[in-house]
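A.B. asks: Next comes the sequence, and after it the predicted model I'd like to discuss.
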Amino acid sequence: MALNWYVVRTKPRSEYIAANVLGVEGYEHFFPRIQAAQKRSGREEIPLFPGYLFVRCDVDRGQWPAIGLLPGVLGWVRFDGVASSIADDIVDELARRVESINDNGGLWIRYKPGQKVRVVSGQFESLAQVAEEPTSSDSKVRVLLEFMGQLVSAEVPWSDLHIAPEDSLGDANHGGRRRTRGKGRWIRNRGSEAIALT
């Protein structure tokens with residue numbers, strides 16, 4: 001009996017259902033999930049490969065288990081009609097890397113010093129520059145914030161930071177165009193006097 005890993009395709013957003021059913025049916029499977037900081041909603045596990053799971057089984061004389069009939073499962077991933085096996089050491093290494101990512105806080109945007117960001121907190125919105133790299137998605141981030149024409153040091157929650165669009169940077173250096181809050185809403189009295197972060 002030769003057990004090998006194969007890739008299974010799931011129905012859209014059905015990875016958890018498929019993994020549960022595969023386990024109930026006695027299939028050895030690997031469902032790589034990583035922790036990802038979801039803004040405003042805490043930390044959640046998400047599939048590393050949305051729509052795919054790994055299943056370890058013995059395909060005897062080309063008789064493939066009919067897992068495509070199970071809830072949440074579409075079937076085996078095949079190329080030119082052939083489902084290729086994956087070596088154990090590749091799946092083992094993938095499992096180690098997933099564990100390492102999760103041990104280090106999961107996947108979250110790690111803003112770098114000097115990076116331009118938007119700070120959005122309730123009705124407040126401003127451009128800023130990251131002063132210190134955050135240590136986790138739960139930490140506060142020190143930024144240089146534009147406030148009343150001045151750059152002010154402030155600490156803001158990581159969840160309030162957003163990557164600044166390229167075209168929002170340096171507006172003051174291009175003919176005094178005013179910045180917007182997004183969706184075309186102009187910031188009052190922030191025309192050519194707005195300070196570009198450099």
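C.D. replies: Received, thanks. Numbers count the residues shown, from 1 in each chain.
A.B. asks: Mind picking out the helix or strand in this structure with the poorest mean pLDDT?
C.D. replies: Every helix and strand of the chain was ranked by mean pLDDT, DSSP states H and E. The lowest is strand 42-47, at a mean of 75.
A.B. asks: so for the lengthiest helix in the chain, what's the average pLDDT?
C.D. replies: Longest helix of the chain, by residue count under DSSP state H: helix 88-103. Helix 88-103 shows a mean pLDDT of 94 in the predicted model.
A.B. asks: does V21 sit in a helix, a strand or a coil?
C.D. replies: On the three-state scheme (DSSP: H, G, I helix; E, B strand; the rest coil), V21 is labelled helix.
A.B. asks: Now for it: which residues touch it?
C.D. replies: L70, P71, G72, V73 (C-beta atoms under 8 Å, 6 or more residues apart in numbering). C-beta coordinates here come from the backbone N, C-alpha and C atoms, glycine included.
A.B. asks: what about the last one, distance to E132?
C.D. replies: Just to be clear, that refers to V73. 46 Å (C-beta to C-beta, to the nearest Å).
A.B. asks: what does the second one give?
C.D. replies: Taken as C-beta to C-beta, the spacing of P71 relative to E132 amounts to 48 Å.
A.B. asks: re earlier: in helices only, show me the contacts of V21.
C.D. replies: Short answer: the contacts of V21 have none in helices (DSSP H).
A.B. asks: just the residues you listed now: which is nearest F147?
C.D. replies: G72 (50.2 Å; C-beta to C-beta).
A.B. asks: Contact partners for the residue nearest to A154 when sequence neighbours are not counted?
C.D. replies: Using C-beta to C-beta, 6 or more residues apart in numbering and skipping residues adjacent in sequence, the residue nearest A154 is L145, 4.7 Å away. Counting by C-beta under 8 Å, 6+ apart, L145 touches V119, S126, A128, L151, V152, S153, A154, V156.
A.B. asks: Which element, helix or strand, includes the third one?
C.D. replies: Here A128 is covered by strand 124-130, with elements defined by DSSP states H and E.
A.B. asks: Please identify the buried residues of that strand?
C.D. replies: E125, S126, L127, A128, Q129, V130 (16 or more other C-beta atoms under 10 Å).
A.B. asks: wait, isn't the last one in contact with R110?
C.D. replies: Pointing back at V130 there. No. Between V130 and R110 there is no contact under C-beta atoms under 8 Å: 9.9 Å.
A.B. asks: L48: what's its closest spatial neighbour, skipping adjacent residues?
C.D. replies: Nearest to L48 is P32, by C-beta to C-beta, 6+ apart, at 4.1 Å.
A.B. asks: and what of R13?
C.D. replies: Per C-beta to C-beta, 6+ apart, closest to R13 is P50, 7.8 Å.
A.B. asks: tally of neighbours for that neighbour?
C.D. replies: 10 (other C-beta atoms under 10 Å).
A.B. asks: For V91, see how far away it is.
C.D. replies: Distance from P50 to V91, by C-beta to C-beta: 18 Å.
A.B. asks: do A18 as well
C.D. replies: 17 Å.
A.B. asks: Those two: who's more crowded?
C.D. replies: Comparing A18 with V91 by other C-beta under 10 Å, the one with more neighbours is A18, at 25 against 16.
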